[in-house]
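> Sequence plus predicted model, see below.
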Amino acid sequence: MDENLKAALRQAERVLGNKPEWLGFRKVREVSTTRYVRDGHPQANHSSVSEGVMVEVLENGQFGYAATTRTDFESLVMAAQKARSHALQGSRYPIHRFTVAQRPAVQGAFESDFGKSIPSAGELNELLVEICRKLDRPGPSTPPSTSKEPRPKIIRRSALFETIDTEAQFVSSNGSDARQNTRQVVGWFQATAQAGDVVQKRSDERCGQGGWERFNTPDLWNRVERVAEEALELTQAEDCPSEKLDLILMPDQMMLQIHESIGHPLELDRILGDERNYAGWSFVKKEDFGSFVYGSPFMNVTFDPGVAGELASYAFDDNGTVSTREYLIKNGILVRALGGGESQARSGLPGVANSRACSWNRPPIDRMANLNLEPGTDSLADIIASVDRGVLMKTNRSWSIDDFRNKFQFGCEYAKLIENGKLTRTLKNANYRGITAPFWRSLKKVGDPSTVEIFGATNCGKGEPNQSIRVGHSSPVCLFENVEVFGGAS
C-alpha cells in the first residue's frame with residue numbers, strides 16, 4: 001500500500017477546514033503494451049504509462065470530482081478543494097441527495113493470476129510474424145476444365161498482442177484502504193481472402209486476466225490454420241438463406257449478444273436516463289424488475305466479477321463496494337439491475353458492485369463487468385441433432401442496435417447450414433435480426449458446461465466524457481427458435 005496516499009488524504013481533510021462528509025482518493029497506474037504485425041511487417045511496437053489520482057468529495061449531499069497527474073501533497077489538496085467546489089455547485093441543482101452509505105468502507109487486496117511470463121518484444125514480434133506467415137496459404141486449385149472462377153487467395157494477414165497491467169489503490173476518510181493489481185492480455189489474428197470480387201474475413205481473439213498462456217494455447221497453430229482455411233472456404237460459399245430458421249449461436253457470437261441485448265439494457269443509469277443523449281436509453285423500466293419475462297425459463301444470467309481469469313474480475317468496484325455474484329435474470333425473469341451505489345439510491349432498486357472507471361481521470365459509472373449466461377444441460381452434438389433446418393453462426397462481424405437496446409441486427413463471419421440434424425454447407429454473409437425480449441424468449445436449448453467459452457469486449461464505450469472499458473462474457477452454445485436470418489443481398 002502507498003502510505004503517502006493515506007497521509008495526503010489526512011492532510012487534505014485538515015486543509016479543507018470544515019471536514020467534508022466524505023473524501024476519497026483513487027490512485028491508478030496503468031502500463032499498456034501493443035505489438036501489431038500486418039502481412040509479416042511490424043506496424044506497432046510501443047508501450048505507454050498512465051498514472052494519476054481521482055479525488056472525490058461528498059458535500060451537501062452531492063459528489064464532486066477532480067483529477068491530477070501529480071501525487072505530491074500540494075497537488076492532491078488542490079484537487080480536493082476543486083472537487084469540493086464542484087460538489088457544492090452541484091448541490092444547488094440536486095437530482096438526488098447522497099450520503100456516505102453510497103461509499104461503504106472497504107479494506108483488502110485483490111491480485112489476478114499473472115500467469116506465464118510475457119515474452120520479450122523481439123520474441124513477440126517473431127511470433128506474430130510467424131502467425132502471419134502461416135496465415136498466408138494458397139487456396140484450393142480449381143481445374144480449368146470445370147470452372148473459370150479465380151483461385152481464392154489470402155490477401156491480408158494481421159496479428160496483435162496487448163497487455164494491460166493495472167495497479168489501483170482506494171483510500172477514504174471513512175476507513176477504506178484497498179488495492180487491486182491485475183494483468184489483462186488480448187491476442188488476435190485475422191486472415192482476409194479474395195476470389196474475384198468476393199472478399200471474406202476470419203478472425204480469432206482471446207482475452208482475459210493472466211499471462212502468455214491466455215493467447216499461446218496448446219491449439220494456437222491449429223487455430224491459425226483454421227482461420228486461414230475458413231477464410232478461403234468462405235470465398236467459395238453460398239450466401240446465407242433469407243428466411244425464418246432455428247439459429248445456433250456459438251460462444252464467440254453469444255458474447256456480443258449478451259453484451260448488447262442484456263448488458264447495456266440493464267445498466268441502471270441508462271434506465272434512469274443518464275445516457276440518453278449519447279449511448280441511448282433502455283426498453284427496460286424500473287417497474288419491470290421482479291416480474292418482466294426477459295427470456296425463456298432456460299435463461300439464467302449472472303453478474304460475477306469473481307470468475308478467475310475472466311477479463312473484468314475484481315474484488316470491489318471503484319467506489320469501494322465489495323463484489324458478489326448476483327443473478328440478473330433467473331429462469332427468464334428479470335430480477336436485478338446493473339447499477340452501482342448512486343443508481344441504487346436514486347432508483348430504490350437492488351444492484352451490483354459495478355461502479356467502474358476506465359482510468360484515473362474518469363469518475364465511476366454503471367458498467368458491465370463479467371456478465372455470464374449460465375450453462376444448461378445439452379451437448380453441442382445433441383443441440384445440432386435437434387434441428388431439422390437451421391443455421392449455426394460464429395464470430396461477430398457487424399452489429400447494429402437501436403437507442404433503446406431493443407431492435408438489433410448482427411452479422412457473423414462464418415456459418416453452417418443445418419439439415420436434418422447435421423451440419424452441411426458453409427454459408428457466407430450470415431446475418432440475423434430480432435427484438436430483444438421475443439428473441440430471448442425463443443431460447444430453446446442451452447449448452448452444457450462442455451460448450452462454455454470465455455470471451456470479452458475490450459473497447460466498450462459509454463459516458464461523457466467517453467470511457468472505453470474492458471468487460472468479460474462467458475457463455476455456452478445456445479439454440480433459438482424461428483429467428484429471421486438473411487444473407488448479404490437482403
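Received the coordinates, thanks.
> what's the closest non-adjacent residue to Val100?
Trp22 (4.8 Å; C-beta to C-beta, 6 or more residues apart in numbering). C-betas here are computed from N, CA, C, even on glycine.
> got a list of what the one you found touches?
Trp22 makes contact with Glu56, Val57, Leu58, Val100, Arg103, Ser172, Ser173, Asn174, according to C-beta atoms under 8 Å, 6 or more residues apart in numbering.
> possible to save those residues as a markdown table with neighbour count?
Putting the contacts of Trp22 into a markdown table (neighbours: other C-beta atoms under 10 Å) gives the following:
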| residue | neighbour count |
| --- | --- |
| Glu56 | 28 |
| Val57 | 27 |
| Leu58 | 24 |
| Val100 | 13 |
| Arg103 | 26 |
| Ser172 | 24 |
| Ser173 | 21 |
| Asn174 | 15 |
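> Tell me which of those fall in strands.
Residues of the contacts of Trp22 located in strands (DSSP state E): Glu56, Val57, Leu58, Ser172.
> Determine which two of these are furthest apart.
Taking C-beta to C-beta, the two most distant members of the ones in strands among the contacts of Trp22 are Val57 and Ser172; they sit 10.6 Å apart.
> what's the overlap in contacts for these two?
Trp22, Leu23, Gly24.
> quick one: the second one from Leu76, how far?
With the distance defined as C-beta to C-beta, to the nearest Å, Leu23 ends up 10 Å from Leu76.
> How is this protein partitioned into domains?
3-30+48-106, 111-237, 243-486 (automatic domain parsing).
> winner for burial among those domains?
Of all these, domain 243-486 has the most neighbours on average by mean count of other C-beta atoms under 10 Å, namely a mean of 20.
> Ends of it, what's the gap?
Taking C-alpha to C-alpha, to the nearest Å, domain 243-486 runs 6 Å from one end to the other.
> how far out from the middle of the chain is that domain?
10 Å (C-alpha atoms, centre = their mean, to the nearest Å).
> so how far is the helix or strand of the chain with the lowest mean pLDDT from its chain's centroid?
Taking mean pLDDT, DSSP states H and E as the measure, helix 3-15 is the helix or strand of the chain with the lowest mean score, a mean of 89. Distance, stretch centre to chain centre, for helix 3-15: 35 Å (C-alpha atoms, centre = their mean).
> What's the first helix or strand after that helix?
Following helix 3-15 in sequence order, the next helix or strand is strand 22-38 (DSSP states H and E).
> Low-confidence regions, the stretch 51-200 of the chain specifically.
140-148 (pLDDT under 70).
> Try it again at 90.
For the stretch 51-200 of the chain, the stretches flagged by pLDDT under 90 are 71, 137-151.
> Quick one: the strands in it, in order.
62-68, 107-111, 153-172, 177-195, 198-209 (DSSP state E, counting those that start in this stretch).
> before we move on, the earlier item: okay, and the beta partners of the residue nearest to Val100?
Beta-bridge pairing for Trp22 (DSSP bridges): Leu58.
> What of Thr426?
Beta-bridge partners, per DSSP bridges, of Thr426: Lys416.
> surely it meets Glu233?
Yes: contact between Thr426 and Glu233 holds when scored by C-beta atoms under 8 Å: they sit 5.5 Å apart.
> Enumerate every residue touching the nearest residue to Val37 once chain neighbours are set aside.
Closest residue to Val37 apart from its sequence neighbours, by C-beta to C-beta, 6+ apart: Leu128 at 3.9 Å. The contact partners of Leu128, taken as C-beta under 8 Å, 6+ apart, are Arg35, Tyr36, Val37, Pro42, Ala159, Leu160, Phe161, Phe189.
> gap between Leu128 and Gln409?
Taking C-beta to C-beta, one finds Leu128 at 33 Å from Gln409.
> And the closest residue to Asp288 other than its chain neighbours, how far from Val293?
Leaving aside its chain neighbours, Asp288 sits nearest to Leu334 (5.6 Å; criterion: C-beta to C-beta, 6+ apart). In this view, Leu334 and Val293 are 8 Å apart by C-beta to C-beta.
> so how far is Ala67 from the closest residue to Thr69 other than its chain neighbours?
Distances taken as C-beta to C-beta, 6+ apart put Gly52 closest to Thr69, at 4.4 Å, once the chain neighbours are dropped. According to C-beta to C-beta, Gly52 and Ala67 sit 6 Å apart.
> For the nearest residue to Glu419 once chain neighbours are set aside, give me its contacts.
Closest residue to Glu419 apart from its sequence neighbours, by C-beta to C-beta, 6+ apart: Arg389 at 5.9 Å. Each residue near Arg389 by C-beta under 8 Å, 6+ apart is listed here: Leu245, Asp246, Ile418, Glu419, Asn420.
> For Arg389, give its distance to Ala83.
With C-beta to C-beta as the criterion, Arg389 and Ala83 are 61 Å apart.
> Equivalent analysis for Ser442, please.
Taken as C-beta to C-beta, the span from Ser442 to Ala83 is 49 Å.
> Check Asn459 too.
28 Å.
> what do you get for Thr424?
62 Å.
> what does Cys460 give?
27 Å.
> Equivalent analysis for Val55, please.
Val55 is 5 Å from Ala83, by C-beta to C-beta.
> Quick check: neighbours shared by those two?
Residues touching both Val55 and Ala83 (C-beta under 8 Å, 6+ apart) are Tyr65, Ala66.
> My guess is Gly187 contacts Ile131. True?
No: assessed by C-beta under 8 Å, Gly187 is found out of contact with Ile131, at 9.4 Å.
> Pretty sure Ala159 sits against Ala191.
No: using C-beta under 8 Å, Ala159 makes no contact with Ala191, being 9.8 Å away.
> which residues do the two both contact?
Contacts common to Ala159 and Ala191, judged by C-beta under 8 Å, 6+ apart, are Leu135.
> Have a look at this protein and report its longest helix.
Criterion DSSP state H: the longest helix present in the chain is helix 73-90.
> would you say His259 is within a helix?
Yes: with DSSP: H, G, I helix; E, B strand; the rest coil as the criterion, His259 is located in a helix.
> In space, what's closest to it - neighbours in sequence excluded?
Ala457 (5.4 Å).
> what's the helix or strand for that neighbour?
Element membership for Ala457, per DSSP H and E: strand 453-462.
> Parallel or antiparallel, which strands does that strand pair with?
Here, using DSSP bridges, strand 453-462 pairs with strand 467-475 (antiparallel).
> contacting residues around the partner strand?
In contact with strand 467-475 (C-beta under 8 Å, 6+ apart) are residues 164, 184, 207-208, 251, 254-255, 258-259, 263, 307, 310-313, 356-359, 362, 365, 367-373, 452-462.
> Now with 6 Å, please.
Applying C-beta atoms under 6 Å, 6 or more residues apart in numbering, the contact partners of strand 467-475 are 251, 254-255, 258-259, 310-312, 358, 362, 367-368, 370-373, 454-461.
> ok so, going back, so which of the contacts of Arg389 belong to strands?
Leu245, Asp246, Ile418, Glu419.
> ok, the second one - contacts?
In this case it means Asp246. So Asp246 contacts Val387, Gly390, Glu481 (C-beta under 6 Å, 6+ apart).
> what do you get for the first one?
Neighbouring residues of Leu245 by C-beta under 6 Å, 6+ apart: Gly390, Val391, Val485.
> May I see those organised as TSV, with secondary structure, distance to Lys330 and pLDDT added?
As requested, these are exported to TSV (DSSP: H, G, I helix; E, B strand; the rest coil; distance: C-beta to C-beta, whole Å; pLDDT from 0 to 100):
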residue	secondary structure	distance to Lys330	pLDDT
Gly390	strand	27	98
Val391	strand	29	98
Val485	strand	29	98
